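A.B. asks: Fold the following for me, if possible:
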Amino acid sequence: TTATPAFVSAFQIPVRQHQHQNQHQHQSPAVVKRATSIYMSSSTEDDTKTPSSSSSSSSSSQSSSSIEINPLVQNVKPSATVQIFSKVKQMEADGISVTSLCVGEPDFPPPQAVLDAAVQAIQNKDTKYTAVTGTYDLRRSISQDLEKRKGVYYDPLDEIIVGNGAKQCVYQGILATAGEGDYVIVPSPYWPSYPEMVTLAKAKSIILPTKEENGYLIDADELRECIEANVKENRGVNKIKCMIFCNPSNPTGGVHSKAQLEDIAAVLEDYPDIAVLADEIYERLVYEDDDGDDGDGH
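C.D. replies: Got it, this is the predicted structure:
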């Protein structure tokens, strides 16, 4: 059989155990049917041509067709970025030269020191589970880096968590702060995944438009109007639990000045129940003229 091993171990073995424990009793049709249906759905067409396929395949296909996808998943839109990137990879596999601007990754490899450290970790057999929050050495290094570069201190023991990427961290941040009946402010233009993450948390997105003449940056007055409108709509109750703040902005590249940040903070100080999820994935990619700029970039 070519059935996926994971499905076999997850669904067929429990059925066998059930049969063993109840060898003198009638089997539960529901349990066996579900296991068969999932096993068959992970097999090839040729695998279904067994002596019993005439009697079981119809019931299996009926059972498979009755399995419905969670409405939450159905309501999530596919990532356009991922779709385009998949297309790029397919074109490259077909021998086509492609210049891709769709995903946020540099066109050069990681520093050699990083590559060497990864190889050394494998050679040292440092491949076991870590603490869910990340290794303490890494969390301590992050804490030291933030204090050195930004002048802020976070305790590596209980104030820093290491994730498997920005998407996981942002989603878990939304999930921890907003739920059904709540709202999350998403400034526009935005990374396409933001509203979909809000949907998965059963909350609703409030899209806060920004203007070209303002460099697509958040206007503090418009932010206040947005919050006040929500409070009025909900009869004096603020149901906004979170505001996603991407600075520098993805996708515009706009950077809020210190004065603009202070104006935004002044608004949010009046609404202490609104958490700010700061996505600073591009914080180190900021380009500005040097004081000694002579006009040609030097």
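
A.B. asks: For the rest of this, base every contact and every neighbour count on C-alpha atoms.
C.D. replies: OK.

A.B. asks: From residue 128, how far out is residue 282?
C.D. replies: From residue 282 over to residue 128 the distance is 30 Å, taken as CA to CA, to the nearest Å.

A.B. asks: if you count what's nearby, which of those two comes out ahead?
C.D. replies: Between residue 282 and residue 128, counting by other CA atoms under 10 Å, residue 282 is the more crowded of the two (14 against 6).

A.B. asks: Quick check, pLDDT for the residue lying closest to that one once chain neighbours are set aside.
C.D. replies: Nearest residue to residue 282, sequence neighbours excluded (CA to CA, 6 or more residues apart in numbering): residue 248, at 5.9 Å. With respect to pLDDT, residue 248 scores 94.

A.B. asks: Then residue 70?
C.D. replies: 86.

A.B. asks: Give the buried residues for stretch 133-140.
C.D. replies: Buried residues in stretch 133-140, counted by 16 or more other CA atoms under 10 Å: 133-134, 136, 139-140.

A.B. asks: Would you format these as JSON lines with secondary structure included?
C.D. replies: As requested, the buried residues of stretch 133-140 are exported to JSON lines (DSSP: H, G, I helix; E, B strand; the rest coil):
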{"residue": "133", "secondary structure": "coil"}
{"residue": "134", "secondary structure": "coil"}
{"residue": "136", "secondary structure": "helix"}
{"residue": "139", "secondary structure": "helix"}
{"residue": "140", "secondary structure": "helix"}
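
A.B. asks: and which of those residues is nearest residue 170?
C.D. replies: Nearest to residue 170, judged by CA to CA, of those is residue 133 at 15.0 Å.

A.B. asks: The closest one contacts residue 157, correct?
C.D. replies: No - distance between residue 133 and residue 157: 9.1 Å, which falls outside the contact criterion (CA atoms under 8 Å).

A.B. asks: Tell me where the stretch 51-200 of the chain has strands.
C.D. replies: For the stretch 51-200 of the chain, the strands defined by DSSP state E, counting those that start in this stretch cover 183-188.

A.B. asks: Helices along that one, start to end?
C.D. replies: Counting by DSSP state H, counting those that start in this stretch, the stretch 51-200 of the chain has helices at residues 53-65, 71-74, 80-93, 112-123, 136-150, 166-177, 193-200.

A.B. asks: how about the second one as CSV, C-alpha atoms only?
C.D. replies: Read it as helix 71-74. Coordinates of each C-alpha in helix 71-74 appear next as CSV, following Å, rounded to 0.1, in the frame of the first residue of the first chain:
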residue,chain,number,x,y,z
PRO,A,71,-15.8,26.7,8.6
LEU,A,72,-12.9,28.7,10.1
VAL,A,73,-10.5,27.1,7.6
GLN,A,74,-13.0,27.6,4.8
